[in-house]
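In: I'll drop the sequence and a predicted model, then ask my questions.
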Amino acid sequence: MVVFEYMESRENQEENSSRISDEVEKTKISLMRAVLEKQDASSKEVDDLTIRRFLRARDLDIEKASAMFLKYLKWRRMFVPNGSISASEVPNEIAQNKMFFQGGDKKGRPITVVLGARHFQNKGGVEEFKRFLAYGLDKICAR
């Protein structure tokens, strides 16, 4: 009986701390969104999950996460100026058949198989390979 009560109280404590941390995250997300919108109007299009990812990467420090996110937006605009990379920009990498999308797992998350042994340097160079990685990740996220 005592063990059961201890386990039950432990579960309640974990549930309460989880709720509190969720509330703290939600507050920080809204604060970070306000900071970002002041500095870059295009950040309005970004969803809360993306902002939360940057916050978590910087231990919920709004200043550091905002700086990191703004650097990401700057890189993204420079590297992918049209908003997405088309297959015609990475034909040599696609021709090697090294990345495959295999549907989703039980929770609906996309499954991707990458065969590293099929990666060979080609005339497109490192820049085309970087674009191919961005192309593949964008395709995965779009699913």
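Out: Perfect, thanks for sending it.
In: who's in contact with stretch 92-105?
Out: Residues outside stretch 92-105 that contact it (Cβ atoms under 8 Å, 6 or more residues apart in numbering): 87, 110-116, 118-120, 122-124, 128-129, 131-132, 136, 139-140, 143. For glycine as for every other residue, the C-beta is placed from the backbone atoms N, C-alpha and C.
In: Show me what counts as buried in that stretch.
Out: Within stretch 92-105, the residues that count as buried by 16 or more other Cβ atoms under 10 Å are E93, K98, M99.
In: try stretch 119-132
Out: For stretch 119-132, burial by neighbour count (16+ other Cβ under 10 Å) applies to G124, E128, F129, R131, F132.
In: now do stretch 56-68
Out: Buried residues in stretch 56-68, counted by 16+ other Cβ under 10 Å: R58, L60, I62, A65, S66.
In: quick one: the residue nearest the centre of the chain and M68, what's the gap?
Out: For the chain, the residue nearest the mean C-alpha position is T50 (6.0 Å; Cα atoms, centre = their mean). Counting by Cβ to Cβ, to the nearest Å, the separation of T50 from M68 is 12 Å.
In: now do Q102
Out: Distance from Q102 to M68, counting by Cβ to Cβ: 31 Å.
In: hang on, the earlier thing: going along the chain from the helix or strand hosting the residue nearest to the centre of the chain, find the next helix or strand for me.
Out: Assigned by DSSP states H and E, T50 belongs to helix 48-57. Where DSSP H and E defines the elements, the next helix or strand beyond helix 48-57 is helix 62-79.
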